[in-house]
Structures are given as C-alpha cells and as structure tokens.
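> what follows is a predicted protein model with its sequence.
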Amino acid sequence: MGILDEDVARVRAETDFVQIASEHVALKKVGNRWTGLCPFHAEKTPSFSINPIENLFHCFGCQVGGDVITFVREIEHVDFVEAVERLAARANVQLRYDDSGSASHDRQRRTRLLEAMEAAVAWYHERLLTAPDAGPARQYLRSRGYDGDVVRQFRIGWSPDDWDALARALELPDDILTDTGLGFVNRRQRQQDAFRGRVMFPIFDASDKAVAFGGRALTGDGPKYKNSQETPVYSKRRTLYGLNWAKADVVQTGQVIVCEGYTDVIGFFRSGLPRAVATCGTALADEHFRMLKNFARRVVLAYDADAAGQAAAERFYEWEQLYEIDIGVAVLPAGSDPGELAQRDPDALRKAVDEARPFLAFRIDRALGTTSLRAPVEVRARVATKALEMIAEHPSDVVRREYVGQVATRLGLEVERLLASLPAPGRKATPVQVRRVEAEGPEIEALRLAIHAPETVAEHLDDALFLDELHLAAYRALASAEHLHDAIERADPGAAALLQRLAVEDALAEPEDVIAGLVKQAADRALAELDREARESEQVEERFAELAAVTGWVKLATEQLWEPSERAAATERLVAWLRERAEEAV
C-alpha cells in the first residue's frame, strides 16, 4: 500500500514546516530562514536551518537534512507513510492510496484513540461547567483560586461518581474504551469508567493532542491522585504535563520549570510564569531531557531535589553534560508547594525561580544548614565531610575545587586540608550499592530492611513474596520473633547465618522501591506459573481465557507500583492475590 505521489506533494506544499519544527526546536528568524539548535545532536551554536518556502531543512553540524516529512520521520521515529498521514491530518489533506485501501490498521487505531480522548476531555469539561453533581468540584477549584478562565484554559473537567457515565455518553467500543485507559470491561462484561468522582486534569502531548488524564479525588476513598495507565498514545517517560501550553514561553525565555503536579503547573501559570511542566507520576528520565533540551537550555526544578538522593544527583550531572543544559533548584519556603505558594504568595514563587540555585550549591546549602563558625570543630568537620561527599560526585575538577573553597570559608576550615580529604571522583558509594541491590535481588534487600527498619516494610511483607527457601525461612524467623536475637536463635543454621550477615550491613534502597520490586517479581512469577499451567491443562482454551482475564489487571497493578499515588493500593491488591494463590496451592 502506498500514498499517491500527488497527495504526498500536496502535503509537503500545504504543511507549515516552521510550526511543526517549533514543537521540537526553539527557532529564530534570520533573514528568510529560521534557525535553531539541532534536535538531532547536541550543540551550543545553532546550525539547524529551515527554508520555509521550500519546506526543507539542513543541519550544518551533523549534516542531517531533508523535507518536512524527513523531519517528522527522524524526530518522531515513524515510517514514511505514518509521517505523511500525521502531516496530512494537520493540514486537512485527504489522502488517497494506490491500492484503493485505507490507512493501516495501526494508524487508524491511533486516530480513533486520539478522537476518543478528545471526546472525553470535552465531555468531562462540560460536566464540570454545567452538571449539578459537579458542585463540590467547582467549590474545590474555587477554594484553590481557580476561576472560570483557569478552568477553561486548562480544560479541567469532572468525572461523575457513576459506574459508567462516560462509557454510556461516548458509546465507545470495548477495545477503544480499554486501550485509551478511559475504562474497562468488568466481570459482568459491562463497560465501566476508570475515573469516578474526580476533578480531571487532561494531559496533552507537545502537539496539543489529548493523550491521558490525572484525576484528583474529592473524598477519602481510594488514592488521592489517579493517573492514566500507559497506552498506545501515552508514554509517561515521553510526556510532560503542560508542555503544550508552556513551550512558547519556554522558547522565549530559554528556561523551563519542572515541578511535580498539575496544580503546581497551574500555580506557576497564574503567577506569571507560564513555562512550567510536570512529570506525570514518574521520575525525571532521559526522554524528558531529550525533549526539553530542544526548547530551553536552563531547567529549574521546583520541588525538593534533595530528596532525589545521590543516584539522582549523578543523573543530573550526566544530563547537564550530555544535553548541554544547566539545572537549578528553586528553593521554596519550608512546607510549601508551588500550587499553594502561588495562591498565598506569588511574589515568593517568582523570587524562588529568579534566585534558583545550581543543583550542587543547593545540596551543599542543605548539608551545611545553620552550622556557623561558632560551632565546635567536631561539628564543622562532620558537616564538611558530608558536603565533600556531595562535591566529589561532580565530574568537573574546576567545579569541585570551587565548592571546596566555599565550604572551607563558610566553616572556617583550611581549604588545603579539605582538598586532601576530598574523595576521588568515582569513589562514591551509590553505584556500588545499586549494583549490590541488583545482584542480590529484592528478597535480600527486603530482609535487610525488615531488620534495620521494620516499620517501613512490615505491613507489606508476606510469605507469598519469597521464592528462595532460605530467604523465606529467614523472613519467617523475623516475623515470628519480637527481637532480632530471638529470630536468629530460632532460625535454622542457614537462615540464622543470613540474618547475622544482614544485621551488619546497611539497608541501601528506598523501602517503597524494594517492596515494589519484590511484589512485581512475585507477580511476574505467578503469571508465568499460570501460563505454564494453562499450557499443560487439557482444557487449554478455557485456561488461557482465565489467564487473559487475570493478566490484564495484574499487569496494570504492577505498572501502578511505580506510581506514588497508586503504589499503596496496587501493592495491597497484588499481595492479597498472591497470598490467596499461595493458600490455594497448600
């Protein structure tokens, strides 16, 4: 199947190349051309150029060039036909195919999914504006300072507290309802909405296509925030909430503000900083920075970046070097988030962004705290050691020496002695620790946490999560004993030796990540067992039908293990299911 040549030519002629490229690159007009930093390789001096008359581009740095179709293929990683179809849809060009067929099934499906998402955005939005049952939602939004203009600008909506109100209104086929994440088919084979009783924040991609939702509950039932699952049109690692609205100001100012939530983004916009975006229930990733570096060279983090830990620090430095960007941190008043601060003191929010600190400076400020020259030398030395560990993570020797000098001055210590105590680059604990966790697996790390910080994991651990017999024996000894010594005494020799070793080792990973990894590992193992049982069964078709029903919700729940707002509920459901399977097997 191919697209007729005259239709391809028409798409080239009727496409606004500058508009397309501006969604990925900050462009400036120079004479008759538009120039910017090349999106296909890292550079500091613009060498990417567009001829808007001929709809052609060329990069004088990496030598990549072509027409607007080539650009879309390269930037969005699609084939020729899909690139032409995407551009045709934007230019309102009706395509014809040389075999009298239509677009491929996958492309048709993507179009149907996007149309369904847009319909859902419009329906939820209209419900918020006019429906009587949306009164509490309107009251909540007014309490946040959101007037009608804000609601319309961000197309905020309301999902009624009804089992299938959206499904009935849109009359979507089962597969479209499920594949968009808007709903699912329940055990009674009836359509059911995924979002109920929530204020809805639609999420758009950079080209302003609705792809997902974030829903904020107004009652205490269920998680406070619920986010769309990943779908064929939505990837959390490739999507930033608000970028479709923010990109114009980001390009103009050369700066992008990254925060954590939808209301934070809206708070920045209301405070006169319409260049904020938010990750969608996931940590910052390479894909986010590959996208952002095409729009701005300065990234300001507007959340507690220190909470990211040492591993994240290394990633930030790597991103700064790889994408040639500067990362700063907006220091917000203690206990404040951008959404709340925007309502209470927008001047303070703007000041925090204007005075954003370099990432390493921010971390050192946290480490030094209020330690003064009057503090005992032992205290100052201890604080200096902590700061030196942070400084040692930075890859630049010049930067390391500069910050060592600042620490010496602030603490009244000799700079040469601090330089002599500075750990060598690469002699940092985190990479080794991460490798150890990966090598030993989540079962061992869960046991380590059960010893050193039992309150962080006790409520989630269960026999059903452990496969290794030695690990299971050690866990059972811990669970049945009041004290570690009692557990060691009661355990068999192998389990006792394991507990003794773990007792003298530090717990390395975050409890939430360990539990998520442990539960996912057990769930994957259970699904594999079900698959094997189905294949060995005499009633193969019936067993595989049962397996398909279970696999759907288990995979969704395992995805939710990595979403902070849904992690607890997903963990509880999966552990209960695993426990039930284990009890049935006995």
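Perfect, thanks for sending it. Numbering: from 1, shown residues only.

> after the strand or helix carrying Tyr403, heading C-terminal, what element do we hit next?
Tyr403 belongs to helix 397-411 when assigned by DSSP states H and E. Going down the chain from helix 397-411, the next helix or strand is helix 415-421, by DSSP H and E.

> buried sites along that following helix?
Leu418 (16 or more other C-beta atoms under 10 Å). (Glycine included, C-beta is placed from N, CA and C.)

> all further residue positions should be reported with the first residue as 58.
In the new count, where the first residue is 58, that last one comes out as helix 472-478.

> pull up the per-residue confidence for Leu341.
The model reports Leu341 with a pLDDT of 83.

> count of neighbours near it?
Residues lying near Leu341 (other C-beta atoms under 10 Å) number 21.

> so which residue is dead centre in the protein?
By C-alpha atoms, centre = their mean, the mean C-alpha position of the chain lies nearest to Thr339, the distance being 2.3 Å.

> pretty sure that residue is touching Tyr291, no?
No. Counting by C-beta atoms under 8 Å, Thr339 sits too far from Tyr291 to count as a contact (11.8 Å).

> can you tell me how far the residue nearest to the centre of the chain sits from Ala625?
Taking C-beta to C-beta, to the nearest Å as the measure, Thr339 falls 17 Å from Ala625.

> and Glu381, by the same measure?
Distance from Glu381 to Ala625, by C-beta to C-beta: 39 Å.

> same thing with Leu198?
From Leu198 across to Ala625, the span is 26 Å (C-beta to C-beta).

> stretch 439-451: how far from the chain's middle?
Stretch 439-451 sits 29 Å away from the centroid of its parent chain (C-alpha atoms, centre = their mean, to the nearest Å).

> apologies, that question was intended for stretch 615-630.
14 Å.

> for it, what is the average pLDDT?
For stretch 615-630, the per-residue pLDDT averages 84.

> repeat that for stretch 294-306.
Model confidence over stretch 294-306 averages 90 on the pLDDT scale.

> how distant is that stretch from the center of its chain?
The chain centroid and the centroid of stretch 294-306 are separated by 13 Å under C-alpha atoms, centre = their mean.

> contacts for that stretch, please.
For stretch 294-306, the external contacting residues (C-beta atoms under 8 Å, 6 or more residues apart in numbering) are 79-80, 210-211, 258, 260-265, 268-269, 271, 307, 313, 315, 319, 322, 326, 330-337, 339, 342-345, 348-349, 352.

> any of those buried? List them.
By neighbour count, with 16+ other C-beta under 10 Å, those hold 79-80, 211, 258, 260-263, 268-269, 271, 307, 313, 315, 319, 322, 326, 330-337, 339, 345, 348-349, 352 as buried.

> tell me which of these fall in strands.
Under the assignment DSSP state E, the buried ones among the contacts of stretch 294-306 contribute 258, 260-261, 268-269, 271, 313, 315, 333-336 to strands.

> can I get those in a markdown table including pLDDT?
Formatted as a markdown table, these follow (pLDDT from 0 to 100):
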| residue | pLDDT |
| --- | --- |
| Phe258 | 97 |
| Ile260 | 97 |
| Phe261 | 95 |
| Val268 | 95 |
| Ala269 | 96 |
| Gly271 | 94 |
| Val313 | 95 |
| Val315 | 94 |
| Ala333 | 96 |
| Val334 | 96 |
| Ala335 | 93 |
| Thr336 | 88 |
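
> can you add distance to Thr92 and give the residues you listed back as a markdown table?
As requested, these are exported to a markdown table (distance: C-beta to C-beta, whole Å):
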| residue | distance to Thr92 |
| --- | --- |
| Phe258 | 36 |
| Ile260 | 31 |
| Phe261 | 27 |
| Val268 | 30 |
| Ala269 | 34 |
| Gly271 | 36 |
| Val313 | 20 |
| Val315 | 26 |
| Ala333 | 27 |
| Val334 | 24 |
| Ala335 | 30 |
| Thr336 | 30 |
